[in-house]
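[1] return atomic coordinates for the entry below.
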Amino acid sequence: MLKSLVIITSLLISCLTLAEPAPPAAATVCVACHGAAGISSNELWPNIAGQKKDYLIKQLTAFQSGERKDPMMSPIAANLSKEDIVAVATYFSKIAH
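    Coordinates of the predicted model:
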């Protein structure tokens with residue numbers, strides 16, 4: 001019984017530490033509108049949790065280049081490095097919604 005309890009506890013701790021990655025520093029600007037878990041509380045802003053990584057990279061890059069324009073997103077994307085974009089896209093793509 002004790003051995004089973006130790007195994008189950010170890011598995012639960014492992015799952016908790018693997019559950020959600022820490023957000024990258026660049027995500028702090030994202031969460032203001034899209035929410036900490038990528039789920040927006042305002043229907044004007046899309047949910048980004050669980051979006052495909054390549055899709056998020058493409059959209060952020062389009063905002064950054066001016067190919068896609070938005071008065072709020074374009075200036076935010078303009079301040080992101082390529083590494084920031086990949087980190088943010090990776091983070092939000094891994095969040096289950």
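[2] what's the first helix or strand after the helix or strand bottoming out on mean pLDDT in the chain?
    Scoring the helices and strands of the chain by mean pLDDT, DSSP states H and E places helix 2-19 at the bottom, with a mean of 49. Following helix 2-19 in sequence order, the next helix or strand is helix 28-34 (DSSP states H and E).
[3] can you show me the CA trace of that next one as CSV?
    The C-alpha trace of helix 28-34 is given here as CSV (Å, rounded to 0.1, in the frame of the first residue of the first chain):
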residue,chain,number,x,y,z
THR,A,28,3.7,39.7,-20.8
VAL,A,29,2.4,42.1,-23.5
CYS,A,30,0.2,39.3,-25.0
VAL,A,31,-1.6,38.5,-21.7
ALA,A,32,-3.0,42.0,-21.3
CYS,A,33,-5.5,41.3,-24.1
HIS,A,34,-5.4,37.6,-24.8
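[4] tell me the gap between it and the middle of its chain.
    Centroid displacement of helix 28-34 relative to its chain, using Cα atoms, centre = their mean, to the nearest Å, is 10 Å.
[5] now do it, average pLDDT.
    Over the span of helix 28-34, the pLDDT mean works out to 94.
[6] ok, now stretch 73-80?
    Throughout stretch 73-80, pLDDT has a mean value of 97.
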